[in-house]
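Asks: Show me the folded form of this:
(one chain, ligands or ions: 1)
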Amino acid sequence: MTTEPATLIVLGASGDLASRLLLPGLGELLAAEPERQLQLIGAGVEEYDEPAWRDRVRTAFESAGASGEAVDRALESTVYRTTDVTTVDDLRELIALAEHAPALYFALPPAVTVRACEQLREVDLPEGTTLALEKPFGSDAASAADLNRLLLELVPEERIQRVDHFLARATVLNLLGLRFANRTIEPLLSSEHVESIEIVYDEDLALENRARYYDKAGALVDMIQSHLLQVLALLTMEAPGSLSAEEVRDQKAIVLRATRLWRGDPALSSRRGQYGAGRIGDRDLPAYADEPGVHPANATETLAEMTVEVANWRWTGVPILLRSGKAIGTTRKEILITFRPPPRVPDGFSGEVRQDRLRLTFKPDGMAWEINVNGPGDPFTIDPAEIAADFNPGALPAYGEVLSGILAGDPLLSVRGDSAEECWRIVEPVLDAWRRGDVPLETYPAGSAGPDGWSERPIPGVD
Ligand SMILES: O=C1O[C@H](COP(=O)(O)O)[C@@H](O)[C@H](O)[C@H]1O
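Replies: Predicted coordinates:
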């Protein structure tokens, strides 16, 4: 990645996202690249004087353990402007401060981001300006398309970064090397050999004071529409000719266009749950509905599951289950590929012949290929074995990697506009069915594995 001098303007710099993720990620990037020259401009509704702003940035950098020359330089030079991002004059003044074509990072609620972008139409943006937007990108396919159109009035597509930190995680990045730099794995990844795929991100974290955002989003939008469908795309796409943003994102868009609900039936292919009071480790958790800021009438799901199919020659008939939940006792964060049984095991073997599985895990990032071998003692008794490897961490943690791409103007690790719309198109029938009440909102105690009976039900499409 290029480390040309750059300007980063954080809109919403006084908010929670900036201090929790963005500024710590920036600190990690600066610590890893001591030669980097960065002009950091913060803008927000709060009034900070320079020392107070600098303290805020320093605290965020320290929370990431970031230190070094680039960190010190950024801290010395950073400025903050109290800004109403919905007024043209304030935006003009802000952009005039930029020493280089700026990256504008919208760490703002979606509605405010839209209003700020509308005002930016009146501002002469310097050639090379990048716009970085957090999720959720729109609230359905139509609003995502509107937002895409608005952004394209401001800058070209390759200068728009729809941020998805999952795309910068070691396990997700390793999908590319694992699939396309090996002869042995890729030929097995098709409906001929694969029985089912699960992409699961169950967390023991609960709401963590994010009711304002989460109570509107819910697990389906927060994790499946935003992140797990991107993982699905990288796992199921065809090999790109190169790792350029254009080629990789073309391939992802093609499989997302072919992705649809299993049997087209939201009632069969989706489930939703909400956690009740419970205990995880030594933490007593209130019911989601009793968390501060939650409106029980929203009936927000904290656990979402949906099964899809990539309806193309390679994958048709393979159910792909996507699932993510909060306050789950047994955290499970992985991609699990279950292979079909061997066509025939010769007579004479004893022991259990399990279906082979390829497990790619998040936190720790790595893989395990579960296979059968001849066991000890009686050599014809089958025994399970595992070929395991750790994935090397990237040079940077995910948010640092995302920011590196934004500052370099390389959109490889961000979501292209057409794919953002496709992801909404895929989940919309489920959201509609849930709104109609066609799928019950089940409950589960915080700290459990989910609602009763869920773990026993087979994946739709698997007998
Ligand atoms: O974007 C999000 O991701 C986190 C999970 O990712 P991690 O890297 O923090 O493990 C999730 O907890 C959060 O709800 C969601 O908004």
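Asks: Excluding its own residues, what touches stretch 141-155? List them.
Replies: Residues from elsewhere that reach stretch 141-155 (Cβ atoms under 8 Å, 6 or more residues apart in numbering): 114, 117-118, 120-121, 125, 129-131, 133, 137-138, 160, 417, 420-422, 424-425, 428. (C-beta placed from N, C-alpha, C; glycine too.)
Asks: so how far is it off the chain centroid?
Replies: On the basis of Cα atoms, centre = their mean, to the nearest Å, stretch 141-155 sits 21 Å off its chain's mean C-alpha point.
Asks: Can you point out the buried residues in it?
Replies: Neighbour-count burial for stretch 141-155, counted by 16 or more other Cβ atoms under 10 Å, picks out 141, 143-145, 147-148, 151, 154-155.
Asks: go on, stretch 25-41?
Replies: 25-33, 36-41.
Asks: is it anywhere near the ligand?
Replies: No - using Cβ under 6 Å from any ligand atom, stretch 25-41 never reaches the ligand; the gap is at least 11.1 Å.
Asks: how long is that stretch end to end?
Replies: The straight-line separation of the ends of stretch 25-41 (Cα to Cα, to the nearest Å) is 15 Å.
Asks: what about it, distance to the chain center?
Replies: That offset, for stretch 25-41, works out to 23 Å (Cα atoms, centre = their mean).
Asks: Then stretch 53-69?
Replies: Distance, centroid of stretch 53-69 to centroid of chain: 25 Å (Cα atoms, centre = their mean).
Asks: Check whether it comes near the ligand.
Replies: No - applying Cβ under 6 Å from any ligand atom, one finds stretch 53-69 separated from the ligand by no less than 13.7 Å.
Asks: again with stretch 214-226
Replies: Yes - Stretch 214-226 reaches the ligand (Cβ under 6 Å from any ligand atom) through 222-223.
Asks: same deal with stretch 132-146?
Replies: No - Stretch 132-146 lies apart from the ligand when judged by Cβ under 6 Å from any ligand atom; the minimum separation is 7.0 Å.
Asks: Ramachandran coordinates for residue 307?
Replies: phi -110, psi 130 (degrees, to the nearest 10).
Asks: Measure how buried it is and give me the count.
Replies: 24 (other Cβ atoms under 10 Å).
Asks: Filter the buried residues of stretch 141-155 down to just the ones in helices.
Replies: 141, 143-145, 147-148, 151, 154 (DSSP state H).
Asks: Nearest to the ligand among the residues you listed?
Replies: residue 144 (17.2 Å; Cβ to the nearest ligand atom).
Asks: Leaving out the residues flanking it, which one is nearest to the closest one?
Replies: residue 138 (3.2 Å; Cβ to Cβ, 6 or more residues apart in numbering).
Asks: Around the one you found, how many other residues sit close by?
Replies: 22.
Asks: Was I right to think it contacts residue 423?
Replies: No - using Cβ atoms under 8 Å, residue 138 is not in contact with residue 423, being 9.9 Å away.
Asks: follow-up on the earlier one: what's the spacing between the residue nearest to residue 144 and residue 129?
Replies: Per Cβ to Cβ, to the nearest Å, residue 138 is found 21 Å from residue 129.
Asks: Residue 308 now?
Replies: In terms of Cβ to Cβ, residue 308 sits 36 Å off from residue 129.
Asks: Those two: which is more packed in?
Replies: residue 308 (26 against 22).
Asks: for the more buried one, helix, strand, or coil?
Replies: strand (DSSP: H, G, I helix; E, B strand; the rest coil).
Asks: Bridge partners for it, pull those for me.
Replies: Residue 308 forms beta bridges with residue 261, residue 320, as assigned by DSSP bridges.
Asks: Model confidence for the residue nearest to residue 292 when sequence neighbours are not counted, exactly?
Replies: Distances taken as Cβ to Cβ, 6+ apart put residue 211 closest to residue 292, at 6.4 Å, once the chain neighbours are dropped. As predicted, residue 211 sits at a pLDDT of 95.
Asks: same deal with residue 404?
Replies: So residue 404 comes in at 96 (pLDDT).
Asks: And for residue 259?
Replies: 98.
Asks: Do a quick rundown of the strands in the stretch 1-150 of the chain.
Replies: 6-11, 38-44, 79-82, 102-106, 130-133 (DSSP state E, counting those that start in this stretch).
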